[in-house]
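K.L.:
Can you look at this prediction? I've put the sequence above it.
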Amino acid sequence: MKQAKVRLYVEHPLGEGQTVPLDRDQAHYLFGVMRMAVGDPVLLFNGRDGEWRAEVAEAGKRGGVLTCAAQTKPLQMPPDLWLLFAPIKKARTDFIVEKAAEMGAAKIMPVQTAFTNSERIRQDRLQAHAVEAAEQCGGTFVPEVCDLQKLDRLLADWPEGRQLMFCDEAEVGAAKTLGAAGAGPWAILIGPEGGFSEEERARLQALPFAHVVSLGPRILRADTAAVAAMTVWQQALGDWG
Ligand code: SAM
């Protein structure tokens, strides 16, 4: 049986014998770029039905059809972990979203803090980065990238039972770790290049569900901090153990 080289995210139900229509961009990628033809295999996933091996049934310039043959992986949900981060420069924000998707975030939430530079984000573009990261890393789930929201508003409506790993740069070098924190729904918060304001810091440190954490003795760039924090959390409480 021919080995499938390509993994493709589709917004279409997947199941035995299910036909999946391709849009123009998908057809261009499979048949124009990857030079695939009728009968060639593709791995499909949609974030709900696991991963399926499908074969090209029809191939054209403007479209095509794939037919699902067999499930190759069941849906593997990531831990219930949100990544809250203040958007920074475009390329680095793209990087944060891509790494969060690869590293197992269930939801990616850009937040506006006092010192956040960006007033707005391109949510559709960031969502596409999360999809590409899932295609590349073999994931069967794609985290939602939310639109930009104010951190204050989010904290005011904070869901019962969700704990918050507050990565506070003011704790640089302090021995502040996740310690004996318990499993369950969590969120990680990473600030902007300018860090957190004193008011934000005081408010966050006073929250009963917040765990103040240091990411070591050096100040990390926000994108580095996002990866470091997810690594710490995943090793301690996530699905890497
Ligand atoms: N401008 C700030 C300063 O010089 O202190 C640094 C902000 S840092 C570039 C961006 C974010 O990364 C911080 O708000 C924090 O969430 C996280 N971060 C970076 N280094 C950290 C550390 N050593 N401990 C905890 N969080 C850190």
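P.N.:
Thanks, I have the structure now. Just so it is clear, the model here is predicted, and its values are computed rather than measured. Numbers count the residues shown, from 1 in each chain.
K.L.:
Tell me who's in contact with the residue in the chain that the ligand sits nearest to.
P.N.:
Among all residues of the chain, Gly191 sits closest to the ligand, at 2.4 Å; criterion: CB to the nearest ligand atom. Bear in mind the C-beta positions are built from the backbone N, C-alpha and C, glycine included. Neighbouring residues of Gly191 by CB atoms under 8 Å, 6 or more residues apart in numbering: 86, 113, 115, 167, 169, 200, 222.
K.L.:
List only those of the residues you listed flagged as buried.
P.N.:
Neighbour counting with 16 or more other CB atoms under 10 Å marks 86, 113, 167, 169, 200, 222 as buried within those.
K.L.:
Of these, which is the nearest to Leu8?
P.N.:
For the buried ones among the contacts of Gly191, the minimum distance to Leu8 (CB to CB) is 31.2 Å, reached by Ala222.
K.L.:
Assign a three-state SS to the residue positioned nearest the centre of the chain, would you?
P.N.:
Per CA atoms, centre = their mean, the C-alpha nearest to the average position across the chain is that of Ala101, at 2.7 Å. Put simply, Ala101 is helix when judged by DSSP: H, G, I helix; E, B strand; the rest coil.
K.L.:
isn't it right up against Gly138?
P.N.:
No - with contacts counted by CB atoms under 8 Å, Ala101 stays clear of Gly138, the gap being 11.7 Å.
K.L.:
about what we covered before: how close does the residue of the chain closest to the ligand get to Ala91?
P.N.:
Between Gly191 and Ala91 the computed distance is 19 Å (CB to CB, to the nearest Å).
K.L.:
ok, now Val227?
P.N.:
15 Å.
K.L.:
who's more crowded, these two?
P.N.:
When Val227 and Ala91 are compared on other CB atoms under 10 Å, the one with more neighbours turns out to be Val227, at 19 against 8.
K.L.:
mind listing what that one touches?
P.N.:
99, 103.
K.L.:
Am I right that it sits in a helix?
P.N.:
Yes - using three-state DSSP, the secondary structure at Val227 is a helix.
K.L.:
ok, it to Leu220 distance?
P.N.:
For Val227, the distance to Leu220 equals 9 Å [CB to CB].
K.L.:
now swap in Val33 and tell me
P.N.:
36 Å.
K.L.:
higher neighbour count, the two?
P.N.:
Per other CB under 10 Å, whichever of Val33 and Leu220 has more neighbours is Leu220, with 17 against 9.
K.L.:
ok, the more buried one touching Val232?
P.N.:
No - judged on CB under 8 Å, Leu220 makes no contact with Val232 at a distance of 11.7 Å.
K.L.:
who's in contact with Leu43?
P.N.:
Contacts of Leu43 (CB under 8 Å, 6+ apart): 4, 6-8, 51-54, 72.
K.L.:
give me the number of residues near Arg218?
P.N.:
8.
K.L.:
Read off the pLDDT value for it.
P.N.:
pLDDT recorded at Arg218 is 97.
K.L.:
for it, helix, strand, or coil?
P.N.:
coil.
K.L.:
I figured it was touching Val172, is that so?
P.N.:
Yes - using CB under 8 Å, Arg218 is in contact with Val172, at 7.0 Å.
K.L.:
Tell me who's in contact with Thr67.
P.N.:
Neighbours of Thr67 in contact, by CB under 8 Å, 6+ apart: 17-20, 54-55, 57.
K.L.:
While we're on Glu119, how confident is the model there?
P.N.:
For Glu119, pLDDT reads 77.
K.L.:
give me the element it is part of.
P.N.:
Here Glu119 sits in a region with no helix or strand, counting by DSSP states H and E.
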